[in-house]
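Visitor: here are the coordinates; sequence isn't available:
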């Protein structure tokens, strides 16, 4: 493979000089030699230099199988193959760049995150308020002593429950925990009838009308679409143009179906102007904030939950056009390449934020970024993810940042427990075979706090910190200290997950809610077989941000009219059980039409300003659904 790389020197030699001159790179002490060698490559590849020997390179960078490719006789008395040496250095340079040991300070993406951790006066000013908010002391002794006692008591308690047969969990001879698979809760006849009645009462609506009505009910929505210069639009019927552009992007149908010649707001030139000047991931985020905040005030949303429990999961999209921002994965993309839309929702159904991720990279690298780049809403206290987002470091960071982390554990028997004390935990002794190193946590506590406060204050991105904490897939000492801290909460989570069925059901419930949102997204994003034809990250981000915004519009509209329907049923004496209402979904979609002809006439809501609810007993409407 390395020999083949050396043969492809022509693919990189043309831009190496420009790369090393146009971009000012820096490096840590560990990568300084590699950067120096990289910057010397243009001189080495100069066609006027015919003879290359070890005096012209840095031999210490050549190792492994590169030696036989680099150190070999060549023409004109050369003892070094300069093409092989170039690829050897560039391979190392790329590795150091990915973990930011080599960095470009002028770049937001490739800068050095270590240099942006709070320090000096900035750290002194920020640490007090932040540590107070997070409940973290500068001296960890008392905090760790509390964790020691909590973990010890939890292991003792769960071991006692299992031994006494008071828990559904069991432990096999190898110390592995097992718990029976959750069975679906039976649906009482009252819930089935309530769902049927609500489905028959919700007004039938075309998506463009739904968008226009939501924009009218949430005035701050349209005002969020400012130009790149910061000004608001003076265009007549601007909201109609915005609704048409959102429909084109979120339904993945392009502009042809929404363009209407002769209507100024729907002319192709107008739509192109609005898209280029007013629609972007930033304005979509700004428009999302009032949707999230006002939806949370609707009675039905409050009956679903308090908005402090959230779930993060990825939705996969095939990208059939060539793009460096995609990756292959046969499970999700077949023989092609794709991306992941990592999105966050709360237990009221509102989408709080999202991030486009290349391919299917491990979600934990980006999860905390999504949490701290929310469009709006209250910061969640509980975070639920699938097993793929779990790692000990993420457990540590999430809890240090003042939240509880509760990933689903599809592989519970393979999970290892951790202990702090050398105590006898009975049937859980083999399960809790790992030993948490409190001394390591204490040694690195100051640096741990710097990392946490820097993330909390937005000084650095969590994704960059996660990369900084790794070295070619191996954790640094600081990373290991955070992981040891996280193992306290990981073990507590496993124990609670194993013996408390309501705990498992809560996790399953919000994950099901997110799957329902993804199903709604699939219905909306139906054009071009649901595939994304954007080549560049900005285009991908803008289109999926539009999809997220339209999803929140649908959620808002559904929440509003379900609340109206519940009020009407309650006034008519219909027996409404709170536990039935809590199991309803804000993502119902049968009444929403997303195909056919798209019209953008403002809806006539009558003198009451609200659509009439349908009669659930009118069978004539059944054929319309």
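Guide: That came in fine, so what should we check first? Worth saying up front: this structure is predicted, and the values here are computed from it rather than measured. Numbers count the residues shown, from 1 in each chain.

Visitor: where exactly do the strands run in the stretch 251-400 of the chain?
Guide: The residue ranges that make up the strands of the stretch 251-400 of the chain, judged by DSSP state E, counting those that start in this stretch, are 309-318, 327-328, 337-346, 351-358, 382-385.

Visitor: can you put those strands in TSV and add mean pLDDT, mean neighbour count and distance to residue 214?
Guide: Yep, even glycine has a C-beta here, placed from its N, CA and C like the rest. Putting the strands of the stretch 251-400 of the chain into TSV (pLDDT from 0 to 100; neighbours: other Cβ atoms under 10 Å; distance: least, Cβ to Cβ, whole Å) gives the following:
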stretch	mean pLDDT	mean neighbour count	distance to residue 214
strand 309-318	95	23	22
strand 327-328	92	16	35
strand 337-346	95	25	18
strand 351-358	93	24	14
strand 382-385	94	24	27
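
Visitor: what would these look like in CSV with distance to residue 52?
Guide: Below are the strands of the stretch 251-400 of the chain laid out as CSV (distance: least, Cβ to Cβ, whole Å):
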stretch, distance to residue 52
strand 309-318, 46
strand 327-328, 36
strand 337-346, 38
strand 351-358, 37
strand 382-385, 52
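
Visitor: so which of those gets nearest residue 155?
Guide: When the strands of the stretch 251-400 of the chain are compared by Cβ to Cβ, strand 382-385 sits nearest residue 155, at 22.4 Å.

Visitor: what helices or strands is the closest one leaning on?
Guide: strand 309-318, helix 364-372, strand 404-407, helix 501-524 (3 or more Cβ pairs under 8 Å, 6 or more residues apart in numbering; DSSP states H and E).

Visitor: ok, of those, where does mean pLDDT dip lowest?
Guide: Out of the helices and strands packed on strand 382-385, helix 364-372 stands lowest, with a mean of 82 (criterion: mean pLDDT).

Visitor: the inter-axis angle of that one versus strand 337-346?
Guide: 40 degrees (axes from the mean of the first three to the mean of the last three Cα atoms, to 10 degrees).

Visitor: quick one on the thing from earlier: out of the strands of the stretch 251-400 of the chain, which comes closest to residue 369?
Guide: That would be strand 351-358 among the strands of the stretch 251-400 of the chain, by Cβ to Cβ, at 6.1 Å.

Visitor: And that closest one, what does it pack against?
Guide: Under the contact definition 3+ Cβ pairs under 8 Å, 6+ apart, strand 351-358 sits against helix 281-295, strand 337-346, helix 364-372, helix 537-571.

Visitor: Include distance to residue 28 when you put the ones you listed into JSON lines, please.
Guide: What follows is those, written out as JSON lines (distance: least, Cβ to Cβ, whole Å):
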{"stretch": "helix 281-295", "distance to residue 28": "32"}
{"stretch": "strand 337-346", "distance to residue 28": "29"}
{"stretch": "helix 364-372", "distance to residue 28": "20"}
{"stretch": "helix 537-571", "distance to residue 28": "27"}
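
Visitor: for this protein, what are the low-confidence residue spans?
Guide: The model of the chain has pLDDT under 70 over residues 1-7, 47, 108-109, 113-114, 361-365, 388-389, 470-474, 619-625.

Visitor: Residue 588 versus residue 214, what's the distance?
Guide: With distances taken as Cβ to Cβ, to the nearest Å, residue 214 is found 16 Å from residue 588.

Visitor: quick one, which of the two is more surrounded?
Guide: residue 214 (22 against 18; other Cβ atoms under 10 Å).

Visitor: Switch the helices and strands packed on strand 382-385 over to TSV; also include distance to residue 346.
Guide: Supplementary listing: the helices and strands packed on strand 382-385 in TSV, determined by distance: least, Cβ to Cβ, whole Å:
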stretch	distance to residue 346
strand 309-318	5
helix 364-372	11
strand 404-407	14
helix 501-524	8
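
Visitor: right, and the ones you listed - which one's nearest residue 338?
Guide: Closest approach to residue 338 among these is made by strand 309-318 (4.6 Å; Cβ to Cβ).

Visitor: okay, now the domains of the protein?
Guide: 2-111, 141-179+305-519 (automatic domain parsing).

Visitor: most packed of the ones you listed?
Guide: Among the domains of the chain, judged by mean count of other Cβ atoms under 10 Å, the one packed with the most neighbours on average is domain 141-179+305-519 (a mean of 19).

Visitor: Ends of that domain, what's the gap?
Guide: Start and end residues of domain 141-179+305-519 are separated by 48 Å (Cα to Cα, to the nearest Å).

Visitor: Likewise for stretch 252-263?
Guide: Start-to-end span of stretch 252-263 (Cα to Cα) is 22 Å.

Visitor: Can you list the buried residues in that stretch?
Guide: Buried positions in stretch 252-263, judged by neighbour count with 16 or more other Cβ atoms under 10 Å: 252, 253, 255, 257, 258, 259, 260.

Visitor: so how far is it from its chain's centroid?
Guide: The chain centroid and the centroid of stretch 252-263 are separated by 32 Å under Cα atoms, centre = their mean, to the nearest Å.

Visitor: cool, stretch 432-450 as well?
Guide: On the basis of Cα atoms, centre = their mean, the separation between the geometric centre of stretch 432-450 and that of its chain is 27 Å.

Visitor: quick one: contacts of that stretch?
Guide: With contact meaning Cβ atoms under 8 Å, 6 or more residues apart in numbering, stretch 432-450 is reached by 117-119, 123, 127, 131, 136, 138-141, 144, 148, 155, 175, 400, 416-420, 425, 477-478, 480-482, 484-485, 487-488, 491.

Visitor: how does it look with 7 Å?
Guide: Stretch 432-450 is contacted by residues 117-118, 123, 127, 131, 136, 140, 144, 155, 175, 400, 416-420, 425, 477-478, 480-482, 484-485, 487-488, 491 when judged by Cβ atoms under 7 Å, 6 or more residues apart in numbering.

Visitor: returning to what we had before: right, and the helices and strands packed on strand 382-385 - which one's nearest residue 457?
Guide: With Cβ to Cβ as the measure, helix 364-372 is the member of the helices and strands packed on strand 382-385 nearest residue 457 (9.7 Å).

Visitor: elements contacting that closest one?
Guide: Contact here means 3 or more Cβ pairs under 7 Å, 6 or more residues apart in numbering; DSSP states H and E; on that basis helix 364-372 packs against strand 337-346, strand 351-358, helix 392-400, helix 462-468.

Visitor: Show me the strands paired with the first one, marking each as parallel or antiparallel.
Guide: So that's strand 337-346. Partner strands for strand 337-346, per DSSP bridges, with pairing direction: strand 309-318 (antiparallel), strand 327-328 (antiparallel), strand 351-358 (antiparallel).

Visitor: quick one, which of the helices and strands packed on strand 382-385 is nearest to residue 264?
Guide: Put simply, out of those the one that sits nearest residue 264 is helix 501-524, at 26.7 Å, with distance taken as Cβ to Cβ.

Visitor: Might you quantify the distance of that closest one from its chain's geometric centre?
Guide: Using Cα atoms, centre = their mean, the mean C-alpha position of helix 501-524 is found 16 Å from that of the whole chain.

Visitor: do stretch 79-92 as well
Guide: Going by Cα atoms, centre = their mean, the spacing between the C-alpha centre of stretch 79-92 and its chain's C-alpha centre is 38 Å.

Visitor: Out of the helices and strands packed on strand 351-358, indicate the one that is most buried.
Guide: Among the helices and strands packed on strand 351-358, judged by mean count of other Cβ under 10 Å, the one packed with the most neighbours on average is strand 337-346 (a mean of 25).
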